[in-house]
Structures are given as structure tokens and as C-alpha cells.
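[1] build the 3D model from these lines:
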Amino acid sequence: MTKQEVLKQYFGYETFRPGQEALIDSILAGKDVLGIMPTGAGKSMCFQIPALLMEGITLVISPLISLMKDQVESLNQAGVHAAYLNSSLTANQYYKALDYARAGRYPIIYVAPERLMTEEFLDFALHTKIAMVAVDEAHCVSQWGQDFRPSYLKIVEFIDKLPIRPVVSAFTATATATVREDIVDILMLREPTVMTTGFDRGNLYFGVLAPKDRYAAVHHYLELHPGESGIIYCLTRKVVEDVCGRLQAEGFAVTRYHAGLSDRERKQNQEDFIYDRTPIMVATNAFGMGIDKSNVRFVLHFGMPKNLESYYQEAGRAGRDGEPGECILYYSGQDVITNQFFIDNNHDNQELDAMSRAIVQERDRERLRKMTFYCFTNECLRDYILRYFGEYGSNYCGNCLNCLTQFETVDVTEIAKTLIGCVESCRQRYGVNVILDTVHGANTAKIRNYQMNENPCYALLAKVPAYRLRQVFQQLLMHDYLAVTNDEYAIVKLTEQSRTLLESGEPLTMKLAKEQEKEAKAKKEKKAKSRSASGITLSEPEEQLFERLRALRTEIAREENVPPYIVFSDKTLIHMSRMKPQSKSDMLEVSGVGEYKYEKYGERFLDVLK
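    Okay, here's the model as predicted:
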């Protein structure tokens, strides 16, 4: 078979996505590769397709049980024999899987990195032809990555023990330039083909909101999106319990996931979400890696994550089928303090020496600073994320809250000089809130105790709304006119640019949102939402047909005990609703329908379509 025949027969696609073919060709030519591709761009096919064409077994090293289970289930549904080896298997299941692997039954085996150096697995690997070692979530190998896993450092030791070095391929969705270099160096990739297809996910809408009542905002969002599947991320277990409990009490079909639950309950709740029994998941960041649920339509963050890598990875779980998805972050100033606490009390990486741990901690604080700026930037939100990962665009995407919000240019020179003057006159001793309360003229016990009511800048900006003072202050931080210390108290400090602004006669202008425009924009945005990322809106009869096809998919999924999206994705059902195939040849023209899946399900879907 050729790579094109494998693509069509097993996966149901006619053409490769950007970057896939070049990586596949390199692997088939015996070259190492590094693929940096956004979530939903088809990374897994870059190693799955060569694995079906190479002589020998492909080992896929994967960090999470849920990720392995999901990928293996998808492969088996597509007609590919695959297995996974991890701690979820009993001893008998594990040895049976190894025996089948020795007999050549599986061209692809997923394995946890912790298993690589065990006696049983090494014995198997040393006496079997390993054609390729594919490292999924490769950023886990880097200490400077957002999700470093020491077990990944064993990969090179394992490869060195093999009698013949296999092709080594590595894949990740989120990696800065530093992390990319780390992956190549640590995994000792030999003259690899490095393919970065771009981090942009054009089908995703991004927004940041700071509502007074976050729960009310989330509740309102869910009311506007009935029947849709989504994830609500919270910073702590306590918030997960609170949000999930309140939503359940109000009749929403939600479940929860966090590390404080038993393994059994986590597994059950995850399956309820994947199988669409409870389409809304409220979770901490412990949930999601490896969850390839294609019909997640929204990801809401009930609080700001600690870095952009984590945020983009979590937000990227929306719209994996290429259809529209919404990613909204509900921000509060308390989020910075919570994340700072997590960083200061992080007990991971204990095997590192004290100096290395201090460096990692400092980098975590810098990442938190960049994440905070994301919540306050008035520029294009998508462009802010892409620039963080080293891509530069037009600073206008037309599909984020900032691009769809009206702004005005405001002269903030006097406000800025007063804020800087207040920091200077108090000798850089206090935090953000004390500075803002001082210039606004607050008469609180803290202000009196610190004697800031005697500061020369006290109440000079009493007539400026508090929200505007905070906006300007955040802009001063973003543009280095002020800085805050990376410690528990976040003391405001002057910078080189502080003096320049105070001494120069140059005006300082900033782009600030016209607050009154936002509600109108949100209504317009909701009205304009369409089912398809490509701009196709289904007609009413097509929408009804889509719902009938979706009902059939749910019925089949229950019969076979698999998640509905593994039968066919929403995108495939939308194409069916538009194309209305009437025969096998017509059906095989639908994106996502291959020979194997047609034989299993095709006639039943044709009956509905006819």
C-alpha cells in the first residue's frame, strides 16, 4: 500500500493536511523528525501512517493512560490492530499483550515512559524489530517546558540499549524555540526534519472577560449554548466542586474531574463526558491531555492558568474537528495570587539541584507575567498567543473579542505620571492595590496605617473611575513603565522608562476599550455564529438531517460501547448533511469515511440519508 491508500482506507481522507506528508516522507526515508503542530492538526497520523508501512513495530511513548486508550480505541475502530502497555492493565493482560506483540499482531504499541526500562519490556524490545520510536507530547522532555516529566529522560537510555537504532520521531503542540532546541538535544535527534506548521487555530474564537460574578457569566454562557459539549477549567478542586454542584442543582448535565476523586470516579466521569452522557466537564488542569473528543464546542476558563502554554493546550481542546469553537477566559486579580502560590509551593522536580529549581521557578514566574498580560492586552488575542510562540501576523484576526471590540485612543499622560509619582514618593515599598487606592483617595485602615493619605499623590485621581485606573496601570506594566516583584507581595517598582516619562514632555496615549460597545458586540457575535468553520451554514432541512445522523451515531456508539466521535466526527456528519450521498461511492467521497468504517456503518447512515 502507498501512504495515500493508507490515508483513505483507514482514516477516510483524500488529502494530507499541511506538514503531514513531509514528515511522513522523512520517516519513511529513515530520517528523524520533530513535528510542532497545533492541537487538531493531525500529529498522530504522522507516525501512525508510516507505522503501517514500515517493517517492524512502532513504539509510541505517551505520558497519560487516557491518551493511550483514546488513540488505541480510534485505531481499532479504523481497522488497525494496536495496543497499549501501562499500569491500567492487570499482570495477565500485560503479558498477553506482550505475547501478541512478539507474534507480530500489533504494528503500533503505545507505552508509558516508566515502562521502558522494566525487565519484561526491555526483554521484549531487545528481541523484536523496533522500526520507530515516536515520542508524543515531546515537550515533556524539557525542564523548560510547561509539563516536564523526568521519566521522559529515560527514552534516550532505552533507545541506546536497542541493537539497531530505530527512526526517532517527536511531536508536540506547544513549544517555544528554547523547548524545541531542548527536544532535539535531549532526544539526540540526528539531523532531524523539523516541521512547524504554525500554531494558529483559525476556527477558535478567543475572549477574555472580567465579570463581577464569574459563576453568573458561565451560567449565562451555558444557557446560550444548550446541547453543546464543553469543558470548564477551574484553578482548584474546591472551585470545581462549587461550580459543578451549583450547575447540577440548576439542571445542567455536568460532571467533574480532579485529583482528589477516586480513580474509579475519575474514570467514570471522564467516560460520561466522552460518551456524551454528561456533555459538560468541570475540571482542574488534571483533565484533558489525550482526550481526543472532536465535538467539544467551547472551553471556558473559570480563572487564569499559570502560563500560555497550558492555556493554549487546554483551549485547544475545543474545535478539534475543525468546526467553530469558543475559548473564553474569565479573569480575576485573585488568579495571579493563586498561581503565584502554586509556583512558590511547587514540589515537582525535586530531583533537580537547588540552583536548577530556582531557575525553573523564575521561568515559571516570567510565564505567569506573560499570561497576565494576555488578560489585559488590547491587541489581537490570537496574535498575542502566536507571538509568544514565535509567529508574527497582522495583529488582526477578526475572530477574537479584542478584534471585535471598538477601541479609542486616550491620552493617559497625567494618570500615568501620577501613578509613577506615587510609586516614587512612597519609595517603592507597596503593592498595586495600595498605589491605586492612594491615588483614588481611599480612606481605608490600610491607607491610614501606611500613612499613604499623606502622600503627595493622595486623591489626585479621585475623579477617574477605578476600572480606568487599573486599565492604565496594567498598560504601564505591559510596556515596562512600571514593574512588580516576582514574590508573594508583588511590590511595585520603577523602571528606566519611569524616569523618562516623568522628565519628558512627550504625551502617552493608550488604546482603551469603549466599554459600552461590548454588550452590542456580544449580541452581534452570537447572531453571526455558524455551524461550520469554513463559513457554511446548514439550512433548516440540513440541520434536521444532521440531528438524525447524530442520533444514529449515538445509537451505534452505545451498541459498540465507544465514544460517538470515534464512529464519525461532527465534521463528517455535516459533510453528509450537505452532500446527501446515496451510494457507497458517494459515501466514500465524504471526508472522514474510509473503506473500513463504510463496511461497519455506511449502510445504516445511507438508510437515513435516503
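
[2] what about the closest residue to residue 508 other than its chain neighbours, distance to residue 472?
    In space, and not counting its chain neighbours, residue 508 is closest to residue 413: 4.6 Å by C-beta to C-beta, 6 or more residues apart in numbering. Glycine gets a C-beta too; all of them are placed from N, C-alpha and C. Between residue 413 and residue 472 the distance is 10 Å, computed by C-beta to C-beta, to the nearest Å.

[3] give me the more crowded residue out of the two.
    residue 472 (23 against 16; other C-beta atoms under 10 Å).

[4] go through stretch 245-252 and flag the buried ones.
    The neighbour-count check on stretch 245-252 (16 or more other C-beta atoms under 10 Å) flags 247, 248, 252 as buried.

[5] actually stretch 428-443, not the one I typed
    Quick answer for stretch 428-443 (16+ other C-beta under 10 Å): 430, 432, 434, 435, 436, 437, 438, 439, 440, 442.

[6] contacts for that stretch, please.
    Stretch 428-443 has contacts (C-beta atoms under 8 Å, 6 or more residues apart in numbering) with 418-419, 422-423, 426, 444, 446-447, 450, 452-453, 455, 457-462, 464, 466, 469-470, 473, 484, 489-494.

[7] inside strands: which ones of the buried residues of stretch 245-252?
    Secondary structure defined by DSSP state E assigns none of the buried residues of stretch 245-252 to strands.

[8] can you list the residues you listed in TSV and add pLDDT and distance to residue 608?
    Shown next, in TSV, are these (pLDDT from 0 to 100; distance: C-beta to C-beta, whole Å):
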residue	pLDDT	distance to residue 608
247	97	33
248	96	34
252	96	29
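
[9] check what pLDDT the residue of the chain positioned farthest from its centre gets.
    Distance from the C-alpha centroid of the chain peaks at residue 454, with 47.9 Å (C-alpha atoms, centre = their mean). We have a pLDDT of 94 for residue 454.

[10] which one's the longest helix in this protein?
    For the chain, the helix that runs over the most residues, judged by DSSP state H, is helix 354-376.

[11] helices of the stretch 1-150 of the chain, residue ranges please.
    For the stretch 1-150 of the chain, the helices defined by DSSP state H, counting those that start in this stretch occupy 3-11, 20-28, 43-53, 65-77, 91-102, 119-126.

[12] just the ones of the buried residues of stretch 245-252 in helices?
    Reading helices off the buried residues of stretch 245-252 with DSSP H, I get 247, 248.

[13] out of the buried residues of stretch 245-252, flag the one nearest to residue 602.
    residue 252 (35.3 Å; C-beta to C-beta).

[14] unless I'm mixing things up, the closest one is touching residue 222, no?
    Yes: in this structure residue 252 lies within contact range of residue 222 using C-beta atoms under 8 Å: 5.9 Å.

[15] can you say which helix or strand has the residue nearest the centre of the chain in it?
    In the chain, the residue lying closest to the centroid (C-alpha atoms, centre = their mean) is residue 313, at 1.6 Å. Element membership for residue 313, per DSSP states H and E: helix 308-315.

[16] contact partners of that helix?
    Helix 308-315 has contacts (C-beta under 8 Å, 6+ apart) with 39, 139, 145-147, 173-174, 176, 199, 204, 206, 231, 233, 285, 288-289, 299, 301, 304-305, 327, 329, 367, 370-371, 374, 385, 388-389.

[17] ChimeraX command for the buried members of those residues?
    ChimeraX command restricting the contacts of helix 308-315 to the buried ones, with burial defined by 16+ other C-beta under 10 Å:
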select :39,139,145,146,147,173,174,176,199,204,206,231,233,285,288,289,299,301,304,305,327,329,367,371,374,385,388,389
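
[18] quick revisit: partners of the helix or strand following the helix holding residue 313 in the sheet?
    Using DSSP H and E, the helix or strand that follows helix 308-315 towards the C-terminus is strand 325-330. As defined by DSSP bridges, the strand partners of strand 325-330 come to strand 204-209 (parallel), strand 296-302 (parallel).

[19] that older thread, so which of the contacts of stretch 428-443 sit within helices?
    418, 419, 422, 423, 446, 447, 466, 469, 470, 473.

[20] which of those count as buried?
    Of the ones in helices among the contacts of stretch 428-443, these count as buried by 16+ other C-beta under 10 Å: 418, 419, 422, 423, 447, 469, 470, 473.

[21] perfect, I'm done here.
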